[in-house]
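1. Build me a model from this:
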Amino acid sequence: MSNQGRVRLMAGGDLMLGRDVRQAIVSHGPGFALANLESLLAQADLRFANLECVLPAPGEPVLESPFDMWSSWEGALGLVRARLDVLSLANNHILDHGANAARSTAAFCHQHGLLPIGFGETAEEARRARIVERNGLRLAFLGYTDAYGPHGFQGQPGPAYAEAEVMLADVHDARQHADAVIVSLHADLEFAHHPAPWRLSLCRKLVDAGATLILGHHPHVPQGVERRGHGLIAYSLGNLVYDATTRASMRAGGPFTAQSVVLDVDVEAGRVVEYRLHPFCIGEDHRPQLLAAADRDELLRAIEGWSIDLQDPQKIMEAWVDTCLRYVGVTLGVLSRAFAEGGAETVIQSELPMLVYGPLRPFADHIVAIVQELARPNKP
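-> Residues are numbered from 1 along each chain as shown. Got it, this is the predicted structure:
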């Protein structure tokens with residue numbers, strides 16, 4: 001454990017207890033999903049993950065969602081057994097099963113000693129920093145998500161959305177009341193090993209504004225890690241618990257959807273002292289298992305390469321363009337099938353806005369409007 005004035009924090013990426021994972025938990029018990037990491041996590045003072053599912057309360061009807069990302073309260077007790085402390089609810093799936101399921105997720109956390117961040121009944125509540133005290137340090141946690149998907153900028157309740165100026169102000173304010181500020185950011189495009197230029201710039205600005213540690217997720221694959229001043233940015237921690245080996249979309253995202261790391265960080269007042277990476281793979285049973293030496297070193301070399309790329313603006317821009325073109329190709333294929341089979345309007349609304357983010361979003365919205373007009377079946 002850490003000494004007074006220093007906190008050892010371990011962080012994982014997307015933790016999803018629904019679908020195939022839910023069935024495994026029903027068969028093997030709630031401690032099943034994180035059992036292989038319990039001894040590692042026990043060495044930390046503080047543990048974090050992004051909870052990418054909802055937890056409807058016992059007896060509460062589960063509203064249908066095509067993503068099926070929910071777990072019972074009983075099935076989620078493994079989070080308590082693994083001694084997780086802070087869970088980000090600021091992600092694109094928190095409202096999939098309705099507002100009540102989202103509220104029940106926060107209620108489960110509060111009832112079982114877990115701290116939910118990035119979610120609230122109002123935008124102000126969702127943005128409010130949550131303070132954790134460990135070893136004489138006050139750590140402020142903030143959580144944000146991109147406004148993508150059908151729930152983007154939905155009213156109340158909801159997650160805190162990633163708006164740069166707002167985030168910078170929040171970080172500056174939190175730093176006045178805490179020794180260190182930790183920002184969870186669920187953002188960017190999936191299955192890409194390099195952050196978009198806008199996200200790289202935003203994360204660096206957040207550190208310059210006073211953030212000590214940035215914990216990124218949503219790409220579902222690991223990305224590079226960057227030291228900046230006294231801070232540290234982990235651009236994507238990939239999947240922690242996920243049906244990565246059985247879900248078709250995850251398999252299509254490449255082998256690294258089932259490989260990632262636990263980030264292990266020593267934090268002091270206003271700075272990251274050092275960090276370590278603990279590589280793991282997600283097996284056919286959907287749970288992480290620490291890797292043996294050879295496979296561990298191979299994954300660490302890959303992350304080192306992506307980390308080096310972060311210092312090359314041309315490399316980052318080329319990767320961003322390649323990723324956008326890949327998304328355009330996939331989405332146009334979906335649209336083509338929708339036009340052929342019917343239901344194009346719904347597909348356009350859900351798929352086309354996902355193409356691009358940041359400064360290119362207005363262009364995407366313009367294309368959405370044009371294609372929706374062309375697809376309208378009863379044009380005069």
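2. going forward, measure contacts and count neighbours with C-alpha atoms only.
-> Fine.
3. Show me where this structure has its helices.
-> Taking DSSP state H as the criterion, the chain contains helices spanning 19-28, 38-41, 77-81, 99-111, 123-127, 164-175, 197-208, 248-252, 293-309, 313-341, 344-351, 361-375.
4. closest to Asp285 out of those?
-> Proximity of the helices of the chain to Asp285 was assessed by C-alpha to C-alpha; the nearest stretch is helix 19-28, lying at 7.2 Å.
5. Just the CA trace of that closest one, in PDB.
-> These are the backbone C-alpha positions of helix 19-28, laid out as PDB (Å, rounded to 0.1, in the frame of the first residue of the first chain):
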ATOM      1  CA  ARG A  19     -25.100  -9.900 -22.600                       C
ATOM      2  CA  ASP A  20     -22.700 -12.900 -22.600                       C
ATOM      3  CA  VAL A  21     -20.900 -11.700 -19.500                       C
ATOM      4  CA  ARG A  22     -24.200 -11.600 -17.700                       C
ATOM      5  CA  GLN A  23     -24.900 -15.200 -18.600                       C
ATOM      6  CA  ALA A  24     -21.400 -16.200 -17.400                       C
ATOM      7  CA  ILE A  25     -22.000 -14.500 -14.100                       C
ATOM      8  CA  VAL A  26     -25.400 -16.200 -13.700                       C
ATOM      9  CA  SER A  27     -23.600 -19.600 -14.200                       C
ATOM     10  CA  HIS A  28     -20.500 -18.900 -12.100                       C
END
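6. of all the helices of the chain, which lies closest to Ile214?
-> Ranking the helices of the chain by their distance to Ile214 (criterion: C-alpha to C-alpha) puts helix 197-208 first, at 7.0 Å.
7. circling back to that earlier point, of all the helices of the chain, which one is nearest Ala57?
-> Between Ala57 and the helices of the chain, the tightest spacing by C-alpha to C-alpha is seen for helix 99-111, at 5.5 Å.
8. For the closest one, buried residues please.
-> Of the residues in helix 99-111, those with enough neighbours to count as buried (16 or more other C-alpha atoms under 10 Å) are 99-109.
9. now it, how far from the chain's geometric center?
-> Taking C-alpha atoms, centre = their mean, to the nearest Å, one finds helix 99-111 lying 18 Å from the centre of the chain it belongs to.
10. per-residue confidence at Thr323?
-> At Thr323, the model reports a pLDDT of 83.
11. The residue nearest the centre of the chain pairs with what?
-> Relative to the mean C-alpha position of the chain, the nearest C-alpha, by C-alpha atoms, centre = their mean, is the one of His217, at 3.2 Å. Judged by DSSP bridges, the bridge partners of His217 are His186.
12. Which segments of the protein make up each domain?
-> 7-311, 315-375 (automatic domain parsing).
13. so what's Gly191 up against?
-> Careful, residue 191 is Phe; it's not Gly. If you count contacts by C-alpha atoms under 8 Å, 6 or more residues apart in numbering, Phe191 has them with 219-221, 253-254, 257.
14. Pull out the buried residues from the residues you listed.
-> Among the contacts of Phe191, the ones that count as buried by 16+ other C-alpha under 10 Å are 219-221, 253, 257.
15. Generate TSV for the residues you listed, with distance to Gly283 and pLDDT as supplementary columns.
-> Formatted as TSV, these follow (distance: C-alpha to C-alpha, whole Å; pLDDT from 0 to 100):
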residue	distance to Gly283	pLDDT
Pro219	19	95
His220	15	97
Val221	15	98
Gly253	16	93
Thr257	11	98
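16. and which of those is nearest to Gly29?
-> Taking C-alpha to C-alpha as the measure, Gly29 lies nearest Thr257 of the buried ones among the contacts of Phe191, at 24.2 Å.
17. Next up, the contacts around the nearest residue to that closest one once chain neighbours are set aside.
-> Distances taken as C-alpha to C-alpha, 6 or more residues apart in numbering place Val221 nearest to Thr257, at 5.0 Å, with adjacent residues excluded. If you count contacts by C-alpha under 8 Å, 6+ apart, Val221 has them with 190-193, 236-239, 256-260.
18. and with 10 Å instead?
-> The contact partners of Val221, by C-alpha atoms under 10 Å, 6 or more residues apart in numbering, come to 13-14, 190-194, 236-240, 250, 253-261.
19. what's the answer for Ala164, then?
-> In this structure, Ala164 makes contact with 170, 198-199, 202-203, 205-206, judged by C-alpha under 10 Å, 6+ apart.
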